[in-house]
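> structure for the following, please:
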Amino acid sequence: MRIKPAVLVGFCREALAAVGLSKADQATVSGALVLADSMGVFTHGTKLLVGYLKRLQGGGYQASGLPKIEREGPAWAVVEGAHALGQIGGTFAMNLAVEKARICGVGYVGLKNTGHIGAAGYYAVLAAQKEMAGMVLGNDRPSVAAPGSKGPVLGSNPLAYAVPVPGGDPILLDMATSAVAGGKVYAAFQRGEPIADTWLIGHDGKPTTDGSLYPHQAALAPMAGHKGYGIALWAEILSGVIPGGAITCQVGSWMFDEPCKPSLHNAAFLAIDVMAISNRDIYTKKINHLVHEIQNSPPAELSTPVLLPGQREWAQKRSSDQNGIVLPEDVLAKLDEVAREWNLNTPWTQV
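Below is the predicted model of the structure:
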């Protein structure tokens, strides 16, 4: 079954309207979720919709929440997220960072008290589409062990960046600072797939392959050991400490807490006006040279060329736009749950 992105966006908008989101916010959230699916990042796409809807319905997230600037300077700002969906607060914050960068060359915005932000790369792409380099970092409730710990110390705190490439797709990296995103553990366990022995740390501090233990009796392993732990700590500082938001265990679980509770997520957004700092002609020449050099590096296997971060995802998006998105069964099951709970039709037969 192939579902056209526009059809999936329409379904999401209808569901979000049922819990009181404005048309503008429906478009923002639906666009972010469907972009992730169209790129093949199904853990951060429409699979999240049912959880968001339940928290909006329960009051933990506010359908009428409007992010606002709490304090600011020429090149920075702190935004109060007002417990709106993270896609709403995140879009507001990145657009503000871009505005600051237009004036000062760089812009930093800390967003606090927001909802789960979903795919961090979405906001970095927003900057790249405006000819800015964008970086996004976020924090989450602890679910990742530190080297030597027996339990979780930090969240799977994401880091994403996007860099504009004139005439081509932005370079795009979006990663958790854990060995694997928690959503991938859930998805693999739900589908009955094996869990790699590098993904989880049991309560005894040793690796485990039992996916049923996560998150209550096991923690995610940090990406690259102490290196991932250090990057996750930096994300915690930029997104939580500096803006004055919730940190570590002060952040709630948007998946497991009662729907009436806000999750108090936080994120940091940075924009760099590369065209102004470097000079448009110089930047274009240098970035295209870099891209050409990497893509033409001799591959270990002729059938597997060297790719830039995001290259596979952009290719998948073009295929999805043309041919439709093939959603995994676990995602379809979540969308069916949305349809049942909010009395909606799933118009997949339109494809």
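> in this structure, which spans are helices?
For the chain, the helices defined by DSSP state H cover 5-18, 23-38, 49-58, 86-104, 121-128, 182-190, 226-236, 274-278, 280-295, 311-323, 329-341.
> so which of these is nearest L137?
L137 lies closest to helix 226-236 among the helices of the chain, at 3.9 Å (Cβ to Cβ). Using the backbone N, CA and C atoms, a C-beta is placed for each residue, glycine as well.
> ends of stretch 192-212, what's the gap?
With Cα to Cα, to the nearest Å as the measure, stretch 192-212 spans 10 Å from end to end.
> what residues of that stretch count as buried?
Neighbour counts over stretch 192-212 (16 or more other Cβ atoms under 10 Å) mark I195, A196, W199, L200, I201, G202, P207, T208, G211 as buried.
> mind checking how far the third one is from G205?
Read it as W199. Distance, W199 to G205, by Cβ to Cβ, to the nearest Å: 15 Å.
> could you dump the helices of the chain to CSV with mean neighbour count and distance to L173?
Putting the helices of the chain into CSV (neighbours: other Cβ atoms under 10 Å; distance: least, Cβ to Cβ, whole Å) gives the following:
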stretch, mean neighbour count, distance to L173
helix 5-18, 20, 23
helix 23-38, 21, 15
helix 49-58, 21, 25
helix 86-104, 23, 16
helix 121-128, 28, 7
helix 182-190, 18, 17
helix 226-236, 20, 12
helix 274-278, 17, 16
helix 280-295, 14, 13
helix 311-323, 15, 10
helix 329-341, 16, 23
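> and of the ones you listed, who's closest to P347?
Ranking the helices of the chain by proximity to P347 (Cβ to Cβ) places helix 5-18 first, at 5.8 Å.
> tabulate the CA atom coordinates of that closest one in CSV.
C-alpha atoms of helix 5-18 as CSV (Å, rounded to 0.1, in the frame of the first residue of the first chain):
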residue,chain,number,x,y,z
PRO,A,5,2.0,12.4,1.3
ALA,A,6,-0.8,14.9,0.6
VAL,A,7,-3.4,12.3,1.7
LEU,A,8,-1.4,11.5,4.9
VAL,A,9,-1.2,15.2,5.6
GLY,A,10,-4.9,15.6,5.2
PHE,A,11,-5.6,12.8,7.6
CYS,A,12,-3.2,14.3,10.2
ARG,A,13,-4.8,17.7,9.9
GLU,A,14,-8.3,16.2,10.3
ALA,A,15,-7.1,14.4,13.5
LEU,A,16,-5.4,17.6,14.9
ALA,A,17,-8.5,19.6,14.2
ALA,A,18,-10.5,17.2,16.3
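> which elements pack onto that helix?
On a contact count with 3 or more Cβ pairs under 8 Å, 6 or more residues apart in numbering; DSSP states H and E, helix 5-18 meets helix 23-38, helix 49-58, helix 329-341.
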